[in-house]
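K.L.:
sharing a model that was predicted from the sequence below.
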There are 4 protein chains.
Amino acid sequence: MPRLSIEQIRRKELSEAAYEALQVWGLPGTTLVRVAAKAGVSKGIVLHYFRNKDELIEAAMRRANAALRDEVVRRLNQAHSPRARLDAIIEGNFDEQFFVPQITHAWLSFCGEVPRNPQFARLQRAIHARMHSNLMSALRHLLPAAKAEEAARAISIMIDGLWLRHGLVQGGIDRAGALKHMKALVDGLLTAR
Amino acid sequence: MPRLSIEQIRRKELSEAAYEALQVWGLPGTTLVRVAAKAGVSKGIVLHYFRNKDELIEAAMRRANAALRDEVVRRLNQAHSPRARLDAIIEGNFDEQFFVPQITHAWLSFCGEVPRNPQFARLQRAIHARMHSNLMSALRHLLPAAKAEEAARAISIMIDGLWLRHGLVQGGIDRAGALKHMKALVDGLLTAR
Amino acid sequence: MPRLSIEQIRRKELSEAAYEALQVWGLPGTTLVRVAAKAGVSKGIVLHYFRNKDELIEAAMRRANAALRDEVVRRLNQAHSPRARLDAIIEGNFDEQFFVPQITHAWLSFCGEVPRNPQFARLQRAIHARMHSNLMSALRHLLPAAKAEEAARAISIMIDGLWLRHGLVQGGIDRAGALKHMKALVDGLLTAR
Amino acid sequence: MPRLSIEQIRRKELSEAAYEALQVWGLPGTTLVRVAAKAGVSKGIVLHYFRNKDELIEAAMRRANAALRDEVVRRLNQAHSPRARLDAIIEGNFDEQFFVPQITHAWLSFCGEVPRNPQFARLQRAIHARMHSNLMSALRHLLPAAKAEEAARAISIMIDGLWLRHGLVQGGIDRAGALKHMKALVDGLLTAR
DNA sequence: TATGAATGAGGATTCATTCAT
DNA sequence: AATGAATGAATCCTCATTCAT
């Protein structure tokens, strides 16, 4: 009794291969030939499962982000206070499995094309929206509504900034450093008069 | 007595054209033909003045960043206290002339290739270094050395995060919103026990 | 007691689908995927019933031409004089069911490949032969042998010319116009000294 | 003192190569690689001089038709009566230099795509229009206006039909046969009461 | 019988780069 | 200094065809 159809399997394999290619070669360097090679399949099969390159890339990023989301959710499930939930979100976003150069490189490369690719932009918006709603679910118990909104936005921007810096600067920032920065920010936001 | 050699003139024209192309088409879409067309010169001339496409792009980003730097310097020259200097740096980085979608798009597209292009990475490091040193020149009078370092880093990361968000999200953040976020962060950093 | 085997049914469905595809997309645009989609079957089945694309196309054209032939035969069966038989043939070839842009387009597209496809050429020759023999069956009672041959050839060439023109020129010629041209030609041929 | 710019030379060479390719391989078989090979140049240069394949094909057909037109004009210049002009046009269209299988094949292949290619259709219309106006310049002195129009149309359709038949049937019709058919048609048209 | 997975050749097109003029 | 001709590699993508199930 097969759990996954061949189509599901291939789409998974191919989007994972695309994600790996993205990490190594960036978006312009991620060619269909390279993805096929990474997946160990023929060139022609890639566009049998994805309408075009963009859809493949989008699937890759969607899948990759789902993994990060799952990690955050896992941590949220163990958090039993608003503050713990806030920390869970933040710490999840710097989980050592994800906050590594290859992945931030891939994400950065993807971001580079967001302004000219509506499909990518839509995915990016969805990711931001989820992050915001997660943050709000914690912050609305810690701050008045307006302040909570501001804080959620500040936090997600700082997370993005840290990911960006991590992708940009070889050996510039690690999980510990990132969390320290996040803590300073959150402390400031929560204790502001 | 000509101030600028033809070479200097052409390099200026071409790197400006390249910067404009970057804003419109992103890095992969910035082809030599398009740059030449924007500069109103023939295609062949571009690689007469730049060894290859990467050097042209680097020159474009270097020149563009110099303009931002000049704006910050102009503001610094009018600031007469450490806090005023800090604000000058921050406000300069969100000057309405620079904090516009086209420019953040160009910058974001450039960042997307930084991890795989040592030349680009070097330029990016130089830009960060200058920003850090500017911030430190103000912060070291406002905080103890270790705290100042931390704060400088936090501030520059938040600036990057805001530029990133501005590039990523159509109509998401404007100068006023950005400055508000920066103020919240700085207040937190300066008043932390 | 099934009249048609599954094979016969499928071959009919598929060649009809191919004929429709030919009308819409022309010969190069008629892909196996499109034919399968039009027939509402899976892609793989097409080459289960036809050795290759060319055989499918040939079957499609053969079937389509058979329909035209049937129409001519139907009219011939109601004609009781040589001249009436001649008119039946001509009018059958411009029957409003067949002399429509889609069909002339399909036929024209097929003709475009005849010179390089012996299989197609053979079919085309058979069609011409039948047309010629039909015409001769009427003309040999109206003209001396040699003249009849000439006239049959002239008539079939003019029919082809009118189909060609109809396929080539949007709204250029209709059944009435075509028949007028045919009448002028036939009158000339039959009354020549 | 160069008579032709390199661009003019290359465009000529390439469209002639494309025309030859069309004769041998038909329209779908005329690939840019083959055209480049026939012209003895690199693949890349073809699209340096033509925006895309269609423009190349159009230029090829335009140039080829211009040669036929020149032949007709040459003959027209030697004709000094309406009837002689009419014959000049007809005989020009079956000149032995042009009324050969390769050329009728190329033309037929081109026609096959006319219904789905507006650019090709436009060229085809222009060719028909010139033919019609040529014929009318002779026929209006030989027949009343309405009859002349009909006759011009009949003649050009018959010419097309003969080219089609020549392209379709190996060894079916030659110049002499074609002219005989044309003569029969014209005689009929001119002597109709 | 029927599906659709898989292949690989080949399509047009784009592009950085080199080079002759 | 400047042009644009020329190259050839590489891109995405399409497609007929084969094959395992």
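P.N.:
Good, I have the coordinates. Numbering: from 1, shown residues only, chains lettered A, B, ... in the order given.
K.L.:
does anything pack onto the helix or strand containing A:Ser15? Which helices or strands?
P.N.:
Secondary structure from DSSP states H and E places A:Ser15 in helix A:6-29. Secondary-structure packing of helix A:6-29 (3 or more C-beta pairs under 8 Å, 6 or more residues apart in numbering or on different chains; DSSP states H and E): helix A:32-39, helix A:43-49, helix A:53-77, helix A:101-113, helix B:6-29, helix B:101-113. Where you see a C-beta, it was placed from the backbone N, CA and C, and this is true even at glycine.
K.L.:
you'd agree A:Ala121 is up against B:Gly167?
P.N.:
No - applying C-beta atoms under 8 Å, one finds A:Ala121 not in contact with B:Gly167, separated by 10.8 Å.
K.L.:
the two - which one has more neighbours?
P.N.:
More crowded of A:Ala121 and B:Gly167, by other C-beta atoms under 10 Å in any protein chain shown: B:Gly167, with 24 against 16.
K.L.:
what sits against that one?
P.N.:
B:Gly167 makes contacts with A:111, A:114-115, B:101, B:104-105, B:107-108, as judged by C-beta atoms under 8 Å, 6 or more residues apart in numbering or on different chains.
K.L.:
again, 10 Å this time
P.N.:
A:111-112, A:114-115, B:101-109, B:111, B:173 (C-beta atoms under 10 Å, 6 or more residues apart in numbering or on different chains).
K.L.:
same question for A:Leu168.
P.N.:
A:104-105, A:108, B:111, B:114-115, B:120-121, B:124-125, B:127-128, B:160.
K.L.:
quick check, pLDDT for it.
P.N.:
Predicted confidence (pLDDT) for A:Leu168: 98.
K.L.:
repeat for A:Pro2
P.N.:
At A:Pro2, the pLDDT recorded in the model is 47.
K.L.:
same check on A:His132?
P.N.:
98.
K.L.:
could you do A:Ala192 as well?
P.N.:
On pLDDT, A:Ala192 comes in at 79.
K.L.:
one step back: any idea of the mean pLDDT for the helix holding A:Ser15?
P.N.:
97.
K.L.:
that older thread, out of the contacts of B:Gly167, which are buried?
P.N.:
A:111-112, A:114-115, B:101, B:103-109, B:111, B:173 (16 or more other C-beta atoms under 10 Å in any protein chain shown).
K.L.:
just those now: which is nearest A:Leu76?
P.N.:
Nearest to A:Leu76, judged by C-beta to C-beta, of the buried ones among the contacts of B:Gly167 is A:Cys111 at 25.1 Å.
K.L.:
what is the burial count for A:Pro82?
P.N.:
15.
K.L.:
got a list of what it touches?
P.N.:
A:137-143.
K.L.:
neighbour-wise, which one of the residues you listed leads?
P.N.:
A:Leu139 leads the contacts of A:Pro82 on contacts (other C-beta under 10 Å) with 27 neighbours.
K.L.:
surely it touches A:Ile90?
P.N.:
No - A:Leu139 lies out of contact with A:Ile90 (C-beta atoms under 10 Å); the separation is 11.5 Å.
K.L.:
any idea how far DNA strand F is from A:Ile89?
P.N.:
35 Å (C-beta to the nearest atom of the strand, to the nearest Å).
K.L.:
so where does that residue fall, helix or strand?
P.N.:
Using DSSP H and E, A:Ile89 falls in helix A:82-93.
K.L.:
just the mean pLDDT for that helix, thanks.
P.N.:
Mean predicted lDDT for helix A:82-93 stands at 98.
K.L.:
list the buried ones in that helix?
P.N.:
Neighbour-count burial for helix A:82-93 [16+ other C-beta under 10 Å]: A:85-93.
K.L.:
picking up where we left off before, put together CSV for the helices and strands packed on helix A:6-29, with distance to C:Val73 on each row.
P.N.:
Output for the helices and strands packed on helix A:6-29, formatted as CSV (distance: least, C-beta to C-beta, whole Å):
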stretch, distance to C:Val73
helix A:32-39, 54
helix A:43-49, 47
helix A:53-77, 53
helix A:101-113, 63
helix B:6-29, 62
helix B:101-113, 69
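K.L.:
out of the ones you listed, which is closest to C:Phe50?
P.N.:
Using C-beta to C-beta, the nearest of the helices and strands packed on helix A:6-29 to C:Phe50 is helix A:43-49, at 22.1 Å.
K.L.:
same for that closest one, what does it pack against?
P.N.:
When contacts are defined as 3 or more C-beta pairs under 10 Å, 6 or more residues apart in numbering or on different chains; DSSP states H and E, helix A:43-49 packs onto helix A:6-29, helix A:32-39, helix A:53-77.
K.L.:
so which of those helices is nearest B:Gly188?
P.N.:
helix A:53-77 (24.0 Å).
K.L.:
A:Ala121 touches B:Gly171, doesn't it?
P.N.:
No - applying C-beta under 10 Å as the test, A:Ala121 and B:Gly171 come out as separate, 11.7 Å apart.
K.L.:
tally of neighbours for the residue in chain A positioned nearest to DNA strand E?
P.N.:
Minimum separation of chain A from DNA strand E (C-beta to the nearest atom of the strand) falls at A:Gly44, amounting to 2.3 Å. Using other C-beta under 10 Å, A:Gly44 has 9 neighbouring residues.
K.L.:
closest residue of chain A to chain B?
P.N.:
In chain A, the residue that lies nearest chain B is A:Gly188 (1.8 Å; C-beta to the nearest C-beta).
K.L.:
quick one: buried residues of the strand or helix carrying that residue?
P.N.:
Per DSSP H and E: A:Gly188 is located in helix A:175-191. For helix A:175-191, burial by neighbour count (16+ other C-beta under 10 Å) applies to A:175, A:177-179, A:181-182, A:184-186, A:188-189.
K.L.:
relative orientation of that helix and helix A:82-93 in degrees?
P.N.:
Computed by axes from the mean of the first three to the mean of the last three C-alpha atoms, to 10 degrees, the angle separating helix A:175-191 from helix A:82-93 equals 150 degrees.
K.L.:
thanks a lot, see you next time.
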